[in-house]
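> Just the structure for this:
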Amino acid sequence: VHLVESGGGLVQSGGSLSLSCTASGFSFPSYAMGWARRTQGRGLEWVAGIYNDKSTYYSDSVKGRFTISRDNPKDTVYLQMNSLEPLDAGVYYCVRDPSRFPFTRLPSTENWGQGTQVTVSS
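Prediction:
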């Protein structure tokens with residue numbers, strides 16, 4: 001499993017960022033994929049997820065502001081983040097979730113990318 005994130009950076013409060021994650025080493029269309037983050041205020045948490053049928057999950061903290069999508073032919077999952085707040089700042093990880101009930105627990109670390117930093121200035 002190899003997951004490579006890109007697109008993090010510095011943005012002002014209220015701004016937008018788009019993250020991408022390109023996967024390799026497994027059959028991407030067969031898996032639920034998601035984004036998790038580690039922030040100072042909330043620790044490690046699921047942010048958003050997308051099932052292999054493209055239905056989605058969002059945490060309450062990002063619902064209405066973030067959008068997850070996937071492009072199976074490109075083995076890529078995206079996270080569009082709008083109306084960013086300082087509390088959104090942290091490291092964002094692309095995660096493959098192989099569990100029977102995705103996005104209920106964070107999977108083991110071999111399913112994680114290395115992460116990309118998101119900084120939101122107030």
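> average model confidence for the helix or strand harbouring Gln117?
Assigned by DSSP states H and E, Gln117 belongs to strand 116-121. In this model, strand 116-121 has a mean pLDDT of 97.
> can I assume Asp53 sits in a strand?
No: read with DSSP: H, G, I helix; E, B strand; the rest coil, Asp53 is coil and lies in no strand.
> how near is it to Val95?
Asp53 sits at a distance of 18 Å from Val95 (criterion: CB to CB, to the nearest Å). C-beta: built from backbone N, CA, C; applies to glycine.
> Settle it for me: which of these two has more neighbours?
Per other CB atoms under 10 Å, whichever of Asp53 and Val95 has more neighbours is Val95, with 25 against 7.
> pretty sure that one contacts Arg37?
No: between Val95 and Arg37 there is no contact under CB atoms under 8 Å: 10.1 Å.
> So which bits of stretch 87-96 are buried?
The neighbour-count check on stretch 87-96 (16 or more other CB atoms under 10 Å) flags Asp88, Ala89, Gly90, Val91, Tyr92, Tyr93, Cys94, Val95, Arg96 as buried.
> which SSE is the closest residue to Leu106 other than its chain neighbours in?
Nearest residue to Leu106 in three dimensions, chain neighbours excluded: Ala36, at 6.1 Å (CB to CB, 6 or more residues apart in numbering). Under DSSP H and E, the secondary-structure element containing Ala36 is strand 32-39.
> so that strand versus strand 116-121, what angle?
Put simply, strand 32-39 runs at 50 degrees to strand 116-121, going by axes from the mean of the first three to the mean of the last three CA atoms, to 10 degrees.
> What are the contacting residues of whatever helix or strand comes next after strand 32-39?
Going down the chain from strand 32-39, the next helix or strand is strand 43-50, by DSSP H and E. By CB atoms under 8 Å, 6 or more residues apart in numbering, the surrounding residues in contact with strand 43-50 are 32-39, 56-59, 61-62, 66-70, 77, 79, 92, 97, 102-103, 106.
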